[in-house]
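J.: Predicted coordinates and the sequence they were generated for:
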Amino acid sequence: MAGHVAGRSRTEALSAVTDLLGRGTGVSVDLFGELVHDPAAADQVVEDYRELAPAQTERGCRST
């Protein structure tokens, strides 16, 4: 199994997800924020993650 980094922004990642799904490739989208040490930055990572699933749905991607 080959790994793929879809992008450094939500826009880049969603574009890659849409492309891969269009080619029949299953995807998993993860946003971890492993290198975040500041509590405010950690809160932003959580908010970004919460916004990711609805953004995928808006593009026709199915989230499970």
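T.: Here it is on my side, so go on.
J.: Arg59 and Thr18 touch, don't they?
T.: Yes - in this structure Arg59 lies within contact range of Thr18 using Cβ atoms under 8 Å: 5.3 Å. Every C-beta, even on glycine, is put in place using the N, C-alpha and C of the backbone.
J.: which of the two has more neighbours?
T.: Thr18 (15 against 11; other Cβ atoms under 10 Å).
J.: ok, the more buried one touching Gly60?
T.: Yes - counting by Cβ under 8 Å, Thr18 touches Gly60, with 7.5 Å between them.
J.: Give me the buried positions along the longest helix anywhere in the chain.
T.: The longest helix of the chain (DSSP state H) is helix 39-58. Of the residues in helix 39-58, Leu52, Ala55, Gln56 count as buried by neighbour count, 16 or more other Cβ atoms under 10 Å.
J.: From Val46, how far off is Gln40?
T.: Careful, residue 40 is Ala; it's not Gln. For Ala40, the distance to Val46 equals 11 Å [Cβ to Cβ, to the nearest Å].
J.: Spatially central residue in the chain, please.
T.: Centroid check for the chain by Cα atoms, centre = their mean gives Val29 as the closest residue, at 4.3 Å.
J.: I figured it hits Ala6, correct?
T.: Yes - using Cβ under 8 Å, Val29 is in contact with Ala6, at 7.0 Å.
J.: Identify the contacts common to those two.
T.: Ala13, Val17 (Cβ atoms under 8 Å, 6 or more residues apart in numbering).
J.: tell me which strands and helices the longest helix of the chain is in contact with?
T.: Helices and strands touching helix 39-58, by 3 or more Cβ pairs under 8 Å, 6 or more residues apart in numbering; DSSP states H and E, are helix 10-22.
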